[in-house]
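*Asks:* Kindly return the folded structure for what I paste below:
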Amino acid sequence: GASTGGYETSTLALGLAQPVRAAEVSVCKSGCPHATIGAGVAAANSGDTIIIGAGSYTETVNTSGKILTFVGAGAGVTIVDGNDAGRVFSSDVDIALSELTVQNGKVTSGDGGGINTAGALTLTNVTVFSNTTTAFNGKGGGAYAGGSAVVVGGSFVQNQGRLLGGGLYVEGTLTVNGALFISNTTTNSGGGGVRVGGDAFLTGAVFDNNQAKISGGGAYVAGAAVIAGGSFERNQVTDVSIGGFPAPGNGGGVEVVGMLTVTGTQFISNTATGVAGGVYARSGALLTGALFERNQASTYGGGIYSLA
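*Replies:* Presented below is the predicted three-dimensional model:
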């Protein structure tokens, strides 16, 4: 120890493990430590952020059990392309992506042509474009989340699912703020734009020209839904029979199994071959300032059909 003014001080070094701080791993076409996203993932630790420079990266990326955040330079300039050779991003834990485009992912077995995570999914200003699952029970042509999902900004465009969720399939709760769902399809069942297994909170979301065969042309929500602002326009359900038996599709714009609350949302020119051209509310609906125009159903409820 050392003597200081009559007081003795000492320094004791403790062999305590220090927490590993999250790091940033850089990926770019030239001048960075890593030239591919896959190499960046290999170098990263769980909790790290991978910064991806402008450019087109033809890759299928697996996070290998690491919780990672991927940040591009903007959806218009950072493109991750699966080249129809496989899923673009695969993760068995939580994953977050922002400011990039995920396109041309394709799988013939399993869920999520563009993105598949067994955990939670967070997307911020991400374009999910032209991804497909052709598996017989395939869910989420654009993206599949086994947990909850948060989507802020960005868009799902021209994705295709085989069974459920042409654009996006979420097992848990979905929260959307200001995203676009345009021209997504499911070829065998429901939720052309999105299919949600839990509750949905949709704020300022736009669903345009999505298509499902049986239910929820724009969106299908198995839990309750709170929809504020935004619009459902030109979405449709198309089925008229299954195996030769009449089975018209319901809920051209949206079908909600739980309670539905709508504030200031527009439902325009949605169609259904069964009931509810605009909205099918199976447990009742509370509507404030909603607009319904030119929606059509072959049987009941051109604008809205409620069972409660």
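*Asks:* who touches residue 97 in this structure?
*Replies:* Each residue near residue 97 by Cβ atoms under 8 Å, 6 or more residues apart in numbering is listed here: 69, 70, 71, 72, 89, 115, 122, 123, 124, 126. Quick note: C-beta positions are derived from backbone N, CA and C, even for glycine.
*Asks:* Just give me the neighbour total for the residue lying closest to residue 112 once chain neighbours are set aside.
*Replies:* Leaving aside its sequence neighbours, residue 112 sits nearest to residue 144 (Cβ to Cβ, 6 or more residues apart in numbering; 3.2 Å). Neighbour count for residue 144, taken as other Cβ atoms under 10 Å: 30.
*Asks:* can you tell me the helix or strand for residue 144?
*Replies:* Element membership for residue 144, per DSSP states H and E: strand 143-145.
*Asks:* if we can go back for a sec, specify the beta-bridge partners of the residue nearest to residue 112.
*Replies:* residue 116, residue 169 (DSSP bridges).
*Asks:* for residue 262, same thing?
*Replies:* Beta-bridge partners for residue 262, by DSSP bridges, are residue 227, residue 287.
*Asks:* circling back: strand partners of the very next helix or strand once past the strand holding residue 144, parallel vs antiparallel please.
*Replies:* Downstream of strand 143-145, the next assigned helix or strand under DSSP H and E is strand 149-152. Here strand 149-152 is paired, per DSSP bridges, with strand 121-129 (parallel), strand 174-177 (parallel).
*Asks:* Mean neighbour count, distance to residue 294 and mean pLDDT for those strands - can I get that in TSV?
*Replies:* Output for the strands paired with strand 149-152, formatted as TSV (neighbours: other Cβ atoms under 10 Å; distance: least, Cβ to Cβ, whole Å; pLDDT from 0 to 100):
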stretch	mean neighbour count	distance to residue 294	mean pLDDT
strand 121-129	24	28	98
strand 174-177	23	24	98
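*Asks:* Now distance to residue 45 too, for those strands, in TSV please.
*Replies:* Below are these laid out as TSV (distance: least, Cβ to Cβ, whole Å):
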stretch	distance to residue 45
strand 121-129	19
strand 174-177	28
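*Asks:* Indicate which one of those is closest to residue 160.
*Replies:* When those are compared by Cβ to Cβ, strand 121-129 sits nearest residue 160, at 11.5 Å.
*Asks:* And the contacts of the closest one?
*Replies:* Contacts for strand 121-129 (Cβ under 8 Å, 6+ apart): 74-75, 94-104, 114-115, 142-143, 145, 147-159, 167-168, 170, 179.
*Asks:* Return the members of those residues classed as buried.
*Replies:* The neighbour-count test (16 or more other Cβ atoms under 10 Å) marks 75, 94-104, 114-115, 142-143, 145, 147-159, 167-168, 170, 179 as buried among the contacts of strand 121-129.
*Asks:* coming back round to it: ok, which of the strands paired with strand 149-152 comes nearest residue 239?
*Replies:* strand 174-177 (23.9 Å).
*Asks:* after the closest one comes which helix or strand?
*Replies:* The helix or strand immediately downstream of strand 174-177 is strand 180-182, counting by DSSP H and E.
*Asks:* Give me the distance from that next one to the chain's centre.
*Replies:* Here the centre of strand 180-182 is set off from its chain's centre by 11 Å, with Cα atoms, centre = their mean, to the nearest Å.
*Asks:* What of stretch 140-160?
*Replies:* Distance, stretch centre to chain centre, for stretch 140-160: 2 Å (Cα atoms, centre = their mean).
*Asks:* Now it: average pLDDT?
*Replies:* Averaged over stretch 140-160, pLDDT sits at 98.
*Asks:* got it, and stretch 78-90?
*Replies:* 98.
*Asks:* What segments of this structure are helices?
*Replies:* In the chain, the helices defined using DSSP state H lie at 37-43.
*Asks:* Show me where it dips below the pLDDT cut-off.
*Replies:* 1-21, 240-247 (pLDDT under 70).
*Asks:* In it, which residue is most central in space?
*Replies:* Taking Cα atoms, centre = their mean, the centroid of the chain lies closest to residue 168, which sits 4.3 Å from it.
*Asks:* To what extent is residue 289 buried, counted in neighbours?
*Replies:* Residues near residue 289, counting by other Cβ under 10 Å, number 11.
*Asks:* Quickly note the distance from the nearest residue to it once chain neighbours are set aside to residue 86.
*Replies:* The spatially closest residue to residue 289, leaving aside those adjacent along the chain, is residue 264, at 4.4 Å (Cβ to Cβ, 6+ apart). Distance, residue 264 to residue 86, by Cβ to Cβ, to the nearest Å: 41 Å.
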